[in-house]
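[1] sequence plus predicted model, see below.
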Amino acid sequence: MLEAQDFYNLLTEIHGPPRGDNEIKIFFPFGSKTLDSLTPNKIPGRDIININGRDRHTGTIILHEQEPLLQIISQTYKQHRLSTWPLDLKIASRKRCEFTDDQNMLLLSGVNLKPPILCHSQTMCSFTQQITKGFIHVHYFFHAMVSRFWYNRWQRHPDVQPGTVPKPQRFLCYSRGRDGTRAYRNNVIHDLANLHHMRNYNFDHSLVFDSSSSAKIDTTDAQRYSMHVVLETLFDSNSVHLTEKIFKPMVMSQPFVIFGPPRSLEYLRSYGFQTFGAFWDEGYDLIDDHQQRYHRILDLLNTLDQLTDLEFQDLLARCIAVVVHNRKLFFSQVFTDLIMDEALKGLSQAVDQQHEEFLQSPGKTIFDGIKHAWNNGMPMCYAQQLITQELDRLSIYHPKLVDTALIQQKKFLIDLGLG
């Protein structure tokens, strides 16, 4: 299985020059959460040969699958964009440029001759539909891919194999970050402390976990705890974005309950995994109201907490077939092929769509982007400079489409009241 950077390099080799003409943009370093960290992926030792000094990338593919869509900080990017303008153009600006809409800022970072492509790992809802507006969007289960790479070394580790030996503690719950979309975890930690089997166990707030802990399995925890309470990155959302957190219990051979968006379990089952609805109530997964879903999960954990030791051990024994199935599937070539095919085929289809839209309306994407930038403060002299630059690139790489693009330019100027 590929690690993230190898996967990014593979996409660059497939869809970047010389085979393709897209620039692949990633958040670098891995896990970055600022728009100014969105940078072209570079493969060491591989130089792109341009024609007459013109950029060969006529399309842009943004890989936004590490974090939920737009769970990023935009202020630094806003200032960076402004700082790249020549001083005289800043002075000539009709107003200070302030891109206050994160979605449109993201869209601007993908502006090119061809329509931009946005790759992400979230299911569609009204929010994600708005965010992906203006993009050709591609969904794939990115964290399944990186988890498969991260956790491979524990596939045959003797301390994480399925079994029915009683363990000292019932519930394992990791909570590294508790701000932003993860703020709900503060309530979870408080409420879990009231469970009988949690009262004699204090969360160790002195432990410090960095981002590398996501890629590790604690075999001691696997032997100490029977069941995993998963605190996903998103909870107060109608869009599912599952991460490596859901795969840790599978690798550690533990049944799990998940705090996540509605239909998280349904999403997981769509990839062939099984959940535990035959053994306890998983109706919480279908509750759209976040507060109601939260309390339904707490009710379930209270029910599991109140079981006698004998009842709890009997429950775990009945879950073992599901635990074995999930672990086997996770480490299987079938699952590896499934998630890789989803990504590679989905992106290839998006690139085909990108090309078809480009042939139908060459120049429309760049004109729409410049129009938005002009509405947010870009000086018209700079906008005209960009138009000339892009038409020049079009004449080099797609000369037969220049006349059609000039029609788009005329419409663009009319829309601005300058035609």
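    Looks like it arrived, so ask away.
[2] give me the below-cutoff pLDDT ranges for this structure.
    For the chain, the stretches with pLDDT under 70 are 1, 46-55, 70-105, 108, 179-180, 197-212, 373, 376-378, 380, 413-419.
[3] measure the residue most central in space within it to residue 120 for me?
    For the chain, the residue sitting closest to the mean C-alpha position, by CA atoms, centre = their mean, is residue 65 at 2.4 Å. For residue 65, the distance to residue 120 equals 5 Å [CB to CB, to the nearest Å]. Any C-beta I mention is one placed from the backbone N, CA and C, and that applies to glycine too.
[4] same question for residue 350.
    Relative to residue 120, residue 350 is positioned 12 Å away (criterion: CB to CB).
[5] contact partners for the residue nearest to the residue nearest to the centre of the chain when sequence neighbours are not counted?
    Spatially, and ignoring its direct neighbours in sequence, residue 65 is nearest to residue 142 (3.6 Å; CB to CB, 6 or more residues apart in numbering). Contact analysis of residue 142 by CB atoms under 8 Å, 6 or more residues apart in numbering lists 65, 66, 119, 121, 343.
[6] closest one of those residues to residue 268?
    residue 121 (13.0 Å; CB to CB).
[7] and the closest one, what is it in contact with?
    Residue 121 neighbours (CB under 8 Å, 6+ apart): 65, 139, 140, 141, 142, 143, 241, 242.
[8] closest to residue 274 out of those residues?
    Using CB to CB, residue 242 comes nearest to residue 274 of those, at 15.2 Å.
[9] next, format the contacts of residue 142 as JSON lines and append distance to residue 384.
    Output for the contacts of residue 142, formatted as JSON lines (distance: CB to CB, whole Å):
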{"residue": "65", "distance to residue 384": "36"}
{"residue": "66", "distance to residue 384": "37"}
{"residue": "119", "distance to residue 384": "32"}
{"residue": "121", "distance to residue 384": "39"}
{"residue": "343", "distance to residue 384": "39"}
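[10] show only the entries of these found in strands.
    residue 119 (DSSP state E).
[11] in the protein, which spans are strands?
    For the chain, applying DSSP E gives strands covering 22-27, 38-40, 59-63, 117-120, 136-139, 169-172, 225-231, 256-259.
[12] got those strands as a markdown table, with distance to residue 366 and mean neighbour count columns?
    Compiled in a markdown table, the strands of the chain are given as follows (distance: least, CB to CB, whole Å; neighbours: other CB atoms under 10 Å):
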| stretch | distance to residue 366 | mean neighbour count |
| --- | --- | --- |
| strand 22-27 | 14 | 24 |
| strand 38-40 | 18 | 16 |
| strand 59-63 | 11 | 24 |
| strand 117-120 | 15 | 24 |
| strand 136-139 | 15 | 22 |
| strand 169-172 | 51 | 19 |
| strand 225-231 | 43 | 22 |
| strand 256-259 | 43 | 23 |
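[13] redo those strands as CSV? Include distance to residue 150.
    Listed next are the strands of the chain as CSV, based on distance: least, CB to CB, whole Å:
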stretch, distance to residue 150
strand 22-27, 18
strand 38-40, 23
strand 59-63, 18
strand 117-120, 20
strand 136-139, 21
strand 169-172, 18
strand 225-231, 16
strand 256-259, 18
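[14] of all those, which lies closest to residue 319?
    strand 225-231 (8.8 Å).
[15] list the contacts of the closest one.
    Applying CB under 8 Å, 6+ apart, the contact partners of strand 225-231 are 166-175, 182, 185, 188, 192, 245-246, 248-249, 252, 254-260, 301, 304, 312, 316.
[16] swap in 6 Å and give it another go.
    The list of residues contacting strand 225-231 from outside it, by CB atoms under 6 Å, 6 or more residues apart in numbering, reads 167, 169-173, 175, 185, 245-246, 249, 254-259, 316.
[17] swap in stretch 346-363?
    For stretch 346-363, the external contacting residues (CB under 6 Å, 6+ apart) are 15, 59, 114, 115, 117, 136, 138, 140, 401, 404, 405, 408.
[18] same question for stretch 160-172.
    Stretch 160-172 has contacts (CB under 6 Å, 6+ apart) with 154, 197, 219, 221-222, 224-229, 252-253, 313, 317, 323-324.
[19] from one end of it to the other, what's the distance?
    With CA to CA, to the nearest Å as the measure, stretch 160-172 spans 14 Å from end to end.
[20] same check, this time on stretch 30-40
    13 Å.
[21] stretch 241-253 too?
    22 Å.
[22] next up, the contacts around residue 386.
    The neighbours of residue 386, taking CB under 6 Å, 6+ apart as the test, are residue 370.
[23] can we see that at 8 Å?
    Contact analysis of residue 386 by CB under 8 Å, 6+ apart lists 366, 370.
[24] quick one: it from residue 372, how far?
    Taking CB to CB as the measure, residue 386 falls 12 Å from residue 372.
[25] can you pull out the helices in the stretch 301-419 of the chain?
    309-330, 333-360, 364-375, 380-397, 402-415 (DSSP state H, counting those that start in this stretch).
[26] pick the most buried one from those helices.
    helix 364-375 (a mean of 20; mean count of other CB atoms under 10 Å).
[27] what helices or strands is that helix leaning on?
    Contact partners of helix 364-375 among helices and strands, from 3 or more CB pairs under 8 Å, 6 or more residues apart in numbering; DSSP states H and E: helix 102-109, helix 380-397, helix 402-415.
[28] can you do 10 Å?
    Secondary-structure packing of helix 364-375 (3 or more CB pairs under 10 Å, 6 or more residues apart in numbering; DSSP states H and E): helix 102-109, helix 333-360, helix 380-397, helix 402-415.
[29] centre of the chain to it, how far?
    Its chain's C-alpha centre and that of helix 364-375 lie 26 Å apart, by CA atoms, centre = their mean, to the nearest Å.
[30] with stretch 10-26 instead?
    Put simply, stretch 10-26 sits 19 Å off its chain's centre (CA atoms, centre = their mean).
[31] could you tell me the end-to-end distance of it?
    13 Å.
[32] likewise for stretch 118-127?
    Terminal residues of stretch 118-127 are spaced 15 Å apart (CA to CA).
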